[in-house]
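*Asks:* how would this look folded up:
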Amino acid sequence: MFEKQWTIANPVELEGIGLHTGKPVFLKLKPLSESSGIVFRRTDLPGQPTIKACLENVVATNRGTVLKQNDAQVHTVEHVLAAVSGMGIDNIEIELSSEEPPACDGSSAVFVDLIEQVGMVEQSEPRQFIQAKNSFWYRDGEKFMAYLPSDKFEISFSLDYNNGLLEPQSARVEIDQNNFRARIGRARTFGFEYEFEMLAAHNLARGGSLDNAIIVGNDGKIQNPGGLRDPQEFVLHKILDFIGDFSLLGKRIRGHFIAERTGHSFNVKFARMLKEKADSQNRKDANMMYIEDIKSILPHRYPFLLVDRILSIVPGESIVGIKNVTANEEFFNGHFPGKPVMPGVLIVEAMAQVAGVLFLSQPENKGKVPFFCGIDKIRFRRPVVPGDRLEFSIKVLKVRGNTGKVEAEAKVDGELVTSGELMFQLV
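*Replies:* The predicted model follows:
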């Protein structure tokens, strides 16, 4: 896997027709500088506007992914995006003389050939990667996708139609240049004969033919004279679409995806979920504090330091911290012998210490000591015992000079155990 960004060495071009519009189109690939990303340019429109290939610009996903920025749009972009991403290109401009790239042969193979024809150039800036630390999944009816943490980009895809014309297919592949070039990039788009009237009614597939799509007849037979390029061509093309749609994240991907019966709309939705989780994770990581960081802010020390880690902090607004409750805590010797329960007053103290980190981490409060001024609306909902992991969430309600008021909650495994309001003064 390349760790630096890459672009193409020289411009390269081709002509063709759009799959759905049937319009003639001229496409030109051009190198771009570091961190520019993938950009479409509509040369047929006044001012030759650009459309950034990103999730924020997705406006439709019916039979292809559509991007729009300001008043310019491009659609059915997934095949050229898959080629760019699958071949490891980070920065490139894709000029189009119409709203849809050429269909070519219905795969990404022609675009791969163009990239290899002009060659690739390593750039100086490092690549950006996106990955989540934890697994997650999403289901919508028969459509399903899961994400598993991995240092590689892998896809396990299962394809199963209910029309009885195709046997179920599945494939697991690691996405790299060799696999994309040899198998994935050559897989053509496909459709069923019984869909022709519906597509025509919606002005779709006006440029479609046996030259740029696999057609499955109503008898289940492949109508293309040459047959399939690969026994798994159908599921491989779904993986190709997946790669094109997920390239809209704008970063190289690390993770193992398990997908069943997904299409463009589901792909985009799941990519947005991955982005949200990765962004949240990065925000937390950037603001996380460990015990030595906490000790550099709070004056408390053993046995009265009751905060083990800060998970996230928004200066002046909120903070989340944790306390791991162990059987070795001093207070369990007397509270209570034979039935250890964490004293409620110490849970409140721990919440206050987390709030203290929020305020004492601000430069103007460095070196000050927090003192309680009042406690309101405190409620204890269940005991806290050895083995529990207390998570404290603090939100600022009011600050005036050196005094303030916060809303505090303590949870164990997502269950609220203590809540209330704390008033304090910094001296």
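*Asks:* wait, doesn't Thr65 sit right on Phe246?
*Replies:* No. In this structure, Thr65 is not within contact of Phe246 by CB atoms under 8 Å, at 10.6 Å. C-beta: built from backbone N, CA, C; applies to glycine.
*Asks:* Pull up the gap between the closest residue to Ala205 other than its chain neighbours and Arg63, please.
*Replies:* Nearest non-adjacent residue to Ala205, counting by CB to CB, 6 or more residues apart in numbering: Leu199, 4.3 Å away. Remark: distance between Leu199 and Arg63 (CB to CB, to the nearest Å) = 8 Å.
*Asks:* neighbour count winner among the two?
*Replies:* Between Leu199 and Arg63, counted using other CB atoms under 10 Å, the more crowded position is Arg63 (19 against 16).
*Asks:* buried set for the lowest-mean-pLDDT helix or strand in the chain?
*Replies:* Every helix and strand of the chain was ranked by mean pLDDT, DSSP states H and E. The lowest is helix 196-201, at a mean of 84. Of the residues in helix 196-201, Leu199 count as buried by neighbour count, 16 or more other CB atoms under 10 Å.
*Asks:* That helix: what's the following helix or strand?
*Replies:* strand 214-216 (DSSP states H and E).
*Asks:* which strands and helices sit next to the helix or strand just after that following strand?
*Replies:* For strand 214-216, the following helix or strand on the C-terminal side (DSSP H and E) is helix 233-246. Here helix 233-246 touches helix 78-86, strand 153-159, strand 169-174, strand 190-192, strand 255-260, helix 264-287, going by 3 or more CB pairs under 8 Å, 6 or more residues apart in numbering; DSSP states H and E.
*Asks:* Give me the residue ranges of this protein where confidence is low.
*Replies:* The chain contains residues with pLDDT under 70 at 1-2, 284.
*Asks:* go again using 50 as the cut-off
*Replies:* Applying pLDDT under 50 to the chain flags the ranges 1-2.
*Asks:* which residue ranges form the helices in it?
*Replies:* For the chain, the helices defined by DSSP state H cover 78-86, 109-118, 177-182, 196-201, 233-246, 264-287, 291-295, 344-360.
*Asks:* so which of those comes closest to Val412?
*Replies:* The closest of the helices of the chain to Val412 is helix 344-360. By CB to CB, the value is 10.3 Å.
*Asks:* What is the distance between that closest one and the centre of its chain?
*Replies:* Relative to its chain's centre, helix 344-360 lies at 34 Å (CA atoms, centre = their mean, to the nearest Å).
*Asks:* what do you get for stretch 202-219?
*Replies:* 33 Å.
*Asks:* Got the domain ranges for this structure?
*Replies:* 4-126, 136-284, 291-426 (automatic domain parsing).
*Asks:* okay, how far is it across the first one, tip to tip?
*Replies:* Counting by CA to CA, to the nearest Å, you get 4 Å between the two ends of domain 4-126.
*Asks:* Could you number the chain from 4 rather than 1 from now on?
*Replies:* Got it, first residue is 4 now, which makes that one domain 7-129.
*Asks:* re earlier: tell me the most buried of the helices of the chain?
*Replies:* Burial of the helices of the chain is given as mean neighbour count (mean count of other CB atoms under 10 Å); helix 81-89 ranks first at a mean of 27.
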